[in-house]
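1. With the input below, show me the fold.
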Amino acid sequence: MVGTSLTGRASGECVSTPIGHTIVGIALARRLGVGSPAGLAAAVVLANVPDLDIVASMALHGDPWKLHRRATHSWAFAAAVGGAVGAAGLIRTESRGVGPQRVRDAACGALLVGSHVVLDRLPYRSIRIGRLILGMRVANWVLDTVQCSVIAWALWPKGPGAAGGRGDET
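-> Numbering: from 1, shown residues only. Prediction:
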């Protein structure tokens, strides 16, 4: 019988960590034209906001995992919450894209929350090495950090005039 791990998936599978969500969230925000420190801080919050279900579940049920990876890990949640935060101007893109600024900001917010959903659905198996930290082995925290760093590198704007870039040609 396959049990469920603290991550909310069948045992033997892992999901992304807050470190991974943060790394990818910052890179995605830079790619989308977010440059201000306040905007990048908002990006970090948005990339991790689906996991607030852990806090709510603990407060409501005394079990942090009872509600985890349900409604807050959906595309509808990403569109609604991220879109609302962006439309409210709490995260602002600096790029000159197509459409009104509020629409671009709402899309940015939705994509940032949606990045959490995508990362949690990436398949990778648990490595049973090291101590447990918040339900995952140390080796899995390291694997997630490396995996998300590669994704972030691919997302990070490159070249002269790149959104948030320094004009590096790398």
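2. How about the secondary structure of the residue lying closest to Ser36 once chain neighbours are set aside?
-> The shortest distance from Ser36 to any non-neighbouring residue, by Cβ to Cβ, 6 or more residues apart in numbering, is to Arg92 (7.1 Å). Placement of C-beta: from N, CA and C, glycine included. Using DSSP: H, G, I helix; E, B strand; the rest coil, the secondary structure recorded for Arg92 is coil.
3. pretty sure Arg92 is touching Gly39, no?
-> Yes: Arg92 lies in contact with Gly39 (Cβ atoms under 8 Å); the separation is 5.6 Å.
4. Would you tell me which helix is longest in the chain?
-> helix 101-121 (DSSP state H).
5. Show me what that helix packs onto, helices and strands only.
-> The helices and strands touching helix 101-121, judged by 3 or more Cβ pairs under 8 Å, 6 or more residues apart in numbering; DSSP states H and E, are helix 18-31, helix 37-48, helix 75-77, helix 83-87.
6. Just the C-alpha atoms of the first one, please, in PDB.
-> Only the C-alpha atoms of helix 18-31 are listed here, as PDB (Å, rounded to 0.1, in the frame of the first residue of the first chain):
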ATOM      1  CA  PRO A  18      10.000  27.100  -0.400                       C
ATOM      2  CA  ILE A  19      13.600  27.600  -1.600                       C
ATOM      3  CA  GLY A  20      12.800  26.300  -5.000                       C
ATOM      4  CA  HIS A  21       9.600  28.300  -5.300                       C
ATOM      5  CA  THR A  22      11.500  31.500  -4.300                       C
ATOM      6  CA  ILE A  23      14.400  31.000  -6.700                       C
ATOM      7  CA  VAL A  24      12.100  30.400  -9.700                       C
ATOM      8  CA  GLY A  25       9.700  33.100  -8.600                       C
ATOM      9  CA  ILE A  26      12.400  35.800  -8.500                       C
ATOM     10  CA  ALA A  27      13.800  34.700 -11.900                       C
ATOM     11  CA  LEU A  28      10.300  34.600 -13.500                       C
ATOM     12  CA  ALA A  29       9.500  38.000 -12.000                       C
ATOM     13  CA  ARG A  30      12.700  39.400 -13.600                       C
ATOM     14  CA  ARG A  31      11.900  37.800 -16.900                       C
END
